[in-house]
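**Student:** sequence and predicted structure, then a few things I'm wondering about:
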Amino acid sequence: MRIRTAVLCAAAPLAFATGVSGQAREEQPPMSEPAAAAALMDNRLTPERDRALQLATELGAHASANLKAAVIEAAWAELRGELDRPEDSEAIFDYVWAVGRLRDPRAIPFMIVALGTGAAMPNALADLAPAAFPAVLEVVENPEGYFGQVSGGLTALRFMVEDGSLNERQLERVREIARERLSGTQDYIVASTAVRLAVVLGDPQLRRIVETLATDRTAAEALVSPYLSDGTPTRFYEQRLSRIQDRARKLLAGPVDFGPFRRPGLAPRKGQR
């Protein structure tokens, strides 16, 4: 079975909230939850499957246990490429959004694999704290982890800190992670996310590290890798250094007006269904 890594790596956050792809627009009788669960478990690409995912997305945490299980299983099937979709299909993003709204601990393994697709999974994992904490910790501790997953995991930890959902022992572990990710050489995206986590934690030592990063170009050069994730040199290294220093200064001055933002329950934005 293949994982659609090419699609997942191309983060398309706008796809999360645009609604289920291919939905029939004409008025139809309401679909029952049992019928929706059956349609999702049938691995055929049918209008009923799209309607079922729409219903599950609208119900979110209020969906029945059986419908939630069907959504999670259907999302895995999409992620593994088990359906007859084009290789570049972005349908997976609709499933990511639907799973994120379920608030179901059974979905944590899927959420972990889908980290790196935008802010939906970090928000959904934070909704499940502290149950999701060990799995997120495992991701951010992995020195060989894919940068999108590590960054998404750090964002999930930030959301948990902002929510106040972690105990002191867990918070100390998060502080250790932040220190680790602000030392050595890190991917630019990981370093940028770690800087924000460090400031949110409010730890004096971490704040001093960020202050040094904001003012000392040499410190920024030591932290941010000059290479892309595939090992090739980036042509934009100097711009990345400037950006992370600017980001550090803005975070220290606070409050900031840039995301990703905490959205409990992944409630639709104003004006969206």
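**Tutor:** Arrived safely, thanks for sending.

**Student:** right, and Arg217 touches Gln245 too?
**Tutor:** Yes - the pair Arg217 and Gln245 passes the contact test of CB atoms under 8 Å, sitting 7.3 Å apart. No exception for glycine: its C-beta is placed from N, CA and C like everyone else's.

**Student:** show me what contacts the closest residue to Gly254 other than its chain neighbours?
**Tutor:** Sequence neighbours aside, Val199 is the residue nearest to Gly254 in space, at 7.2 Å (criterion: CB to CB, 6 or more residues apart in numbering). Going by CB atoms under 8 Å, 6 or more residues apart in numbering, Val199 touches 206-207, 210, 251-252, 254.

**Student:** any chance of these in JSON lines, plus distance to Pro233 and neighbour count?
**Tutor:** Compiled in JSON lines, the contacts of Val199 are given as follows (distance: CB to CB, whole Å; neighbours: other CB atoms under 10 Å):
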{"residue": "Leu206", "distance to Pro233": "30", "neighbour count": "20"}
{"residue": "Arg207", "distance to Pro233": "32", "neighbour count": "15"}
{"residue": "Val210", "distance to Pro233": "26", "neighbour count": "22"}
{"residue": "Leu251", "distance to Pro233": "27", "neighbour count": "21"}
{"residue": "Leu252", "distance to Pro233": "30", "neighbour count": "16"}
{"residue": "Gly254", "distance to Pro233": "33", "neighbour count": "8"}
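
**Student:** which single one of those residues is nearest to Ala56?
**Tutor:** Leu251 (36.6 Å; CB to CB).

**Student:** nearest residue to that closest one in space, please, no chain neighbours.
**Tutor:** Closest to Leu251 by CB to CB, 6+ apart is Val199, at 4.4 Å.

**Student:** next structured bit after the strand or helix carrying that neighbour?
**Tutor:** Val199 is part of helix 188-201, with elements assigned from DSSP states H and E. On the C-terminal side of helix 188-201, the closest following helix or strand by DSSP H and E is helix 204-215.

**Student:** what helices and strands are in contact with that following helix?
**Tutor:** Packing contacts for helix 204-215, counted by 3 or more CB pairs under 8 Å, 6 or more residues apart in numbering; DSSP states H and E, involve helix 168-181, helix 188-201, helix 217-223, helix 237-253.

**Student:** tell me which of these sits most buried.
**Tutor:** Ranked by mean neighbour count, these are led by helix 188-201 with a mean of 24 (mean count of other CB atoms under 10 Å).

**Student:** ok, back up a step: and the pLDDT at the residue nearest to Gly254?
**Tutor:** With respect to pLDDT, Val199 scores 98.

**Student:** now swap in Asn66 and tell me
**Tutor:** 98.

**Student:** same check on Gly271?
**Tutor:** 37.

**Student:** pLDDT weak spots in the stretch 151-273 of the chain?
**Tutor:** Counting by pLDDT under 70, the stretch 151-273 of the chain has low-confidence residues at 267-273.

**Student:** before we move on, the earlier item: so which of the helices and strands packed on helix 204-215 is nearest Gly148?
**Tutor:** Gly148 sits nearest to helix 188-201 of all the helices and strands packed on helix 204-215, at 7.2 Å, using CB to CB.

**Student:** how far off helix 168-181 does that closest one point, in degrees?
**Tutor:** Counting by axes from the mean of the first three to the mean of the last three CA atoms, to 10 degrees, helix 188-201 lies at 140 degrees to helix 168-181.

**Student:** count the neighbours of Pro204 for me.
**Tutor:** 7 (other CB atoms under 10 Å).

**Student:** and what of the one 5 residues further on?
**Tutor:** The criterion is other CB under 10 Å. On that basis, Ile209 has 22 neighbouring residues.

**Student:** was I right about it contacting Arg175?
**Tutor:** No - Ile209 lies out of contact with Arg175 (CB under 8 Å); the separation is 11.2 Å.

**Student:** would you list the phi and psi of the residue nearest to Glu138 when sequence neighbours are not counted?
**Tutor:** Excluding its sequence neighbours, the residue lying closest to Glu138 (CB to CB, 6+ apart) is Ile112, at 8.0 Å. Recorded main-chain torsions at Ile112 are phi -60, psi -50, according to degrees, to the nearest 10.

**Student:** residues contacting Ile112?
**Tutor:** Contacts of Ile112 (CB under 8 Å, 6+ apart): 121, 125, 135-136, 138-139, 149, 153.
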